[in-house]
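*Asks:* Fold the stuff below for me.
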Amino acid sequence: MTDKNKKELTHINKEGQVNMVDVSSKPITAREAVATGQIQMEPETLDLIKTGQIEKGAVLETARLAGIMAAKKTSDLIPLCHPLFISSVKIEFEIIEPASIKIICKVKTSGQTGVEMEALQGVSSAALTIYDMSKAVDKTMNIGEIKLLEKRGGSSGEFIASEELKGQVVAVSTSIEKGTKKKPLLEINLKEGHGIIEDAHAGNWHRQVSLLAEESIQKMLDSTDQEIRIGYGDFAENITTRGVDIGSLHPGDLITFQRGVKLEVTQIGKECHTGCAIAQQVGDCVMPKEGIFAKVLNGGKIKPGDTYKVELVSND
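*Replies:* Residues are numbered from 1 along each chain as shown. All right, here's what the predicted structure looks like:
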């Protein structure tokens, strides 16, 4: 830690004792903070929550109340937080199929100090309440990614978290023959330098794994008036993703998955020699344009619902 950073730790006084910052002389200004977090669960658990079949009651509405109450009680829970007159707390939920819920907490006040901790507390308690309400059917739920997204007001001004290229796995699929649709599975097992075990495209070459974004599939469906029934793996993609425009990546970029699997992008798109069944039906196919291919740097398992992040090595 640098000397500069030591000076910024205002919760420690010159004697090294904990210190509640004196904000008496600070002007009263409008303050606002937004925090987010995510809770992952089994797909069946998410279905029970969505359909109101959890025996303890309405999970999300109870979690919303818990988040609001916790944000108001932050100064009672965090030792050096100042009591504040909270003027607004809003808790929102975003269902992320097939197996997670994103929680967003927005807090406002007019005061002499900010509401970042209140927003983070609101997210944390809402997530814990979802866990408590649902733990009888799923003890594997995982709370994470709790962080401050935005902060406004006060002498330090505006803070907006940098955009991160993060997404989620929608489906994983394999086939035993090349040139065919792939079959969705509950999980795939990848081997370093080889690809997906028992997949036709595995081997010592540069296209061991194929990926396609769900957004690319939807864009193609939106561009046609034809009624097309498409399932995961129908474009022969091994991993169907959501959240990142993976078609815009470049060879050399890295994709790291929740369980430690790491892929290196090796090729964007491919030449379609004969036209797949979808291209023959619609006259177009998105895989040759926006599908990507990769080789396996670190092996392991990938399951639907797993998160991933992208490192833009090629742009450095």
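*Asks:* For residue 268, name its beta-bridge partners.
*Replies:* On the basis of DSSP bridges, residue 268 is bridged to residue 292.
*Asks:* Could you check the pLDDT of it?
*Replies:* On pLDDT, residue 268 comes in at 92.
*Asks:* pretty sure it is touching residue 246, no?
*Replies:* No: between residue 268 and residue 246 there is no contact under C-beta atoms under 8 Å: 9.0 Å. Any C-beta I mention is one placed from the backbone N, CA and C, and that applies to glycine too.
*Asks:* So between those two, which is more surrounded?
*Replies:* Set residue 268 next to residue 246 and count neighbours by other C-beta atoms under 10 Å: residue 246 wins out with 26 against 17.
*Asks:* That one and residue 215 touch, don't they?
*Replies:* No: between residue 246 and residue 215 there is no contact under C-beta under 8 Å: 9.1 Å.
*Asks:* can you give me the helices in the stretch 201-316 of the chain?
*Replies:* Assigned by DSSP state H, counting those that start in this stretch, the helices in the stretch 201-316 of the chain fall at 214-222, 277-282, 287-290.
*Asks:* For the ones you listed, which has the smallest mean pLDDT value?
*Replies:* helix 277-282 (a mean of 64).
*Asks:* Poorly predicted segments of this protein, please.
*Replies:* By pLDDT under 70, the low-scoring segments of the chain are 1-9, 162-164, 273-283, 314-316.
*Asks:* redo that, cut-off 80
*Replies:* Along the chain, segments meeting pLDDT under 80 span 1-17, 19, 154-165, 179, 223-229, 271-285, 312-316.
*Asks:* can you list residues touching both of residue 268 and residue 246?
*Replies:* Common neighbours of residue 268 and residue 246, using C-beta atoms under 8 Å, 6 or more residues apart in numbering, are residue 292.
*Asks:* Let me see the contact set for the nearest residue to residue 121 once chain neighbours are set aside.
*Replies:* Among residues not flanking residue 121 along the chain, residue 74 sits closest, at 4.4 Å (C-beta to C-beta, 6 or more residues apart in numbering). Residues near residue 74 by C-beta under 8 Å, 6+ apart: 81, 84, 117-118, 121.
*Asks:* do residue 194 as well
*Replies:* By C-beta under 8 Å, 6+ apart, residue 194 lies in contact with 202-204, 208, 296, 299.
*Asks:* quick one: which of those residues is nearest residue 312?
*Replies:* residue 296 (19.3 Å; C-beta to C-beta).
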